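*Asks:* pasting a predicted model and its sequence here:
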Amino acid sequence: MRLPPEEGLAYLSRNRDDFISDVHSICKYSTTKPTALLFTCNAGNRLCIDAYGRIQYCLALRHPDTVVDSRSHSISYYLNEFLPELRKIRATNPEFLRRCARCMLRGLCEQCPAKSWIEHGVLDQPVEYCCEIAHAQARWLGILKEDEYGWEVRDWPERVRRLEEKTAGS
């Protein structure tokens with residue numbers, strides 16, 4: 001029940017200027033140097049506790065190695081000991097390391113350990129649908145050419161800078 005990336009993009013870009021501005025903000029905020037770290041989002045900056053008392057990095061992530069039972073561990077333990085260690089987890093999946101860890105589109109991409117866990121049962125397997133959406137957006141914005149992928153781009157800081165200039169001039 002997923003929209004094809006092109007249909008989602010048509011919906012998101014119906015107000016072109018707002019979409020470009022939003023994407024620019026997202027890219028500027030979250031486009032970083034390549035990294036194999038799995039937890040690069042801000043989800044862990046807020047505490048999530050599910051109905052069963054499990055403290056989670058985010059409500060979508062239920063991998064057993066990423067949750068703490070609040071009945072046996074304190075919130076202080078989670079915040080001060082568990083969470084810092086969780087944020088150090090690095091990908092080991094060769095496909096993730098080849099693509100996601102090197103991709104300039106991380107700011108546009110919805111790829112995350114939770115989605116990987118839900119779809120593949122592991123934290124570091126690329127989710128193709130997320131990749132397709134990010135690439136469709138990047139091509140529409142002119143960040144990528146039709147025949148290239150975000151993990152192939154070496155001059156990504158320059159491309160993000162050009163997008164910033166383009167957006168500032170809009």
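*Replies:* Looks like it arrived, so ask away. Numbering: from 1, shown residues only.
*Asks:* any weak-confidence spans in the protein?
*Replies:* Across the chain, the ranges flagged by pLDDT under 70 are 24-33, 166-170.
*Asks:* give me the domain ranges for it.
*Replies:* The record's domain parsing of the chain by automatic domain parsing lists 5-38+91-169, 43-86.
*Asks:* how about CSV for those, with mean neighbour count added?
*Replies:* Quick note: C-beta positions are derived from backbone N, CA and C, even for glycine. Shown next, in CSV, are these (neighbours: other CB atoms under 10 Å):
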stretch, mean neighbour count
domain 5-38+91-169, 17
domain 43-86, 14
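*Asks:* how about the residue nearest to Q137 when sequence neighbours are not counted, secondary structure?
*Replies:* Leaving out its chain neighbours, the residue that sits closest to Q137 by CB to CB, 6 or more residues apart in numbering is L108, at 5.3 Å. The assignment at L108 comes out as coil when based on DSSP: H, G, I helix; E, B strand; the rest coil.
*Asks:* measure L108 to A43 for me?
*Replies:* Counting by CB to CB, to the nearest Å, the gap from L108 to A43 is 17 Å.
*Asks:* kindly report the same for L79.
*Replies:* For L79, the distance to A43 (CB to CB) stands at 14 Å.
*Asks:* then I20?
*Replies:* I20 sits 26 Å away from A43, going by CB to CB.
*Asks:* L97 too?
*Replies:* Separation of L97 from A43 (CB to CB) stands at 22 Å.
*Asks:* which residues of this structure fall in helices?
*Replies:* Under the criterion DSSP state H, helices of the chain are mapped to 5-12, 16-30, 75-77, 83-86, 94-98, 113-120, 128-141, 156-169.
*Asks:* residues making contact with the first one?
*Replies:* In other words, helix 5-12. Identification of contacts with helix 5-12 by CB atoms under 8 Å, 6 or more residues apart in numbering yields L3, F19, Y129, E132, I133, H135, A136, Q137, W140.
*Asks:* quick one, what contacts L144?
*Replies:* L144 makes contacts with L105, H135, A138, G150, V153, as judged by CB under 8 Å, 6+ apart.
*Asks:* cool, and Q125?
*Replies:* Contact partners of Q125, counting by CB under 8 Å, 6+ apart, are N93, E95, F96, S116, E119.
*Asks:* format these as JSON lines; extra columns: distance to E85.
*Replies:* Output for the contacts of Q125, formatted as JSON lines (distance: CB to CB, whole Å):
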{"residue": "N93", "distance to E85": "20"}
{"residue": "E95", "distance to E85": "25"}
{"residue": "F96", "distance to E85": "20"}
{"residue": "S116", "distance to E85": "19"}
{"residue": "E119", "distance to E85": "25"}
